[in-house]
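Trainee: Just to be clear, the model below is a prediction. Sequence and coordinates:
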Amino acid sequence: MKVLTNANIGEIVKVKKNDAQNLLKERLLALGVTNGANIEVLRKGPKNNLTVFRIRGAMIALRKEESSLIEIM
């Protein structure tokens, strides 16, 4: 199982499954993290704890704990 945390900078991946729960899942869905959505990895922060992604034209930053809940293809 490959998760969003493991994607490399510049890579474009497709969301397979969102395993987040409750409020986090609602937040990610509102940001466009839905099954089949394309996500581009733009840059990683210090210690790879924070990563910036482009999802449906918007740039968002997710912590490692959050992006590890998103399964990708």
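Mentor: Received it, and whenever you're ready, just let me know what you need. Numbers count the residues shown, from 1 in each chain.
Trainee: tell me what the helix or strand that contains Arg27 is packed against?
Mentor: Here Arg27, judged by DSSP states H and E, is contained in helix 22-30. When contacts are defined as 3 or more Cβ pairs under 8 Å, 6 or more residues apart in numbering; DSSP states H and E, helix 22-30 packs onto strand 12-18. Glycine gets a C-beta too; all of them are placed from N, C-alpha and C.
Trainee: Which positions in the strand it packs on come out as buried?
Mentor: Val13, Val15, Lys16, Asn18 (16 or more other Cβ atoms under 10 Å).
Trainee: Same question for stretch 63-73.
Mentor: Lys64, Glu66, Ser67, Leu69, Ile70, Ile72.
Trainee: Also stretch 2-9?
Mentor: For stretch 2-9, by 16+ other Cβ under 10 Å, it's Val3, Leu4, Thr5, Ala7.
Trainee: Is the third one part of a helix or strand, or is it coil?
Mentor: Using DSSP: H, G, I helix; E, B strand; the rest coil, the structure places Thr5 in helix.
Trainee: just checking, it touches Glu71?
Mentor: No - assessed by Cβ atoms under 8 Å, Thr5 is found out of contact with Glu71, at 10.6 Å.
Trainee: What score does Asn48 have for pLDDT?
Mentor: As summarised for this prediction, Asn48 has a pLDDT of 79.
Trainee: pLDDT value on the nearest residue to it once chain neighbours are set aside, please?
Mentor: If the residues on either side of it in the chain are set aside, Asn48 comes closest to Lys64, at 6.6 Å by Cβ to Cβ, 6 or more residues apart in numbering. On the pLDDT scale, Lys64 is placed at 94.
Trainee: Could you do Asn22 as well?
Mentor: Looking at Asn22, its pLDDT reads 93.
Trainee: Count the neighbours of it for me.
Mentor: 7 (other Cβ atoms under 10 Å).
Trainee: what's near enough to touch Lys25?
Mentor: Asn18 (Cβ atoms under 8 Å, 6 or more residues apart in numbering).
Trainee: Local confidence estimate at it?
Mentor: pLDDT at Lys25 comes out at 94.
Trainee: Check the one 4 residues further on too.
Mentor: Here, the pLDDT recorded for Leu29 equals 93.
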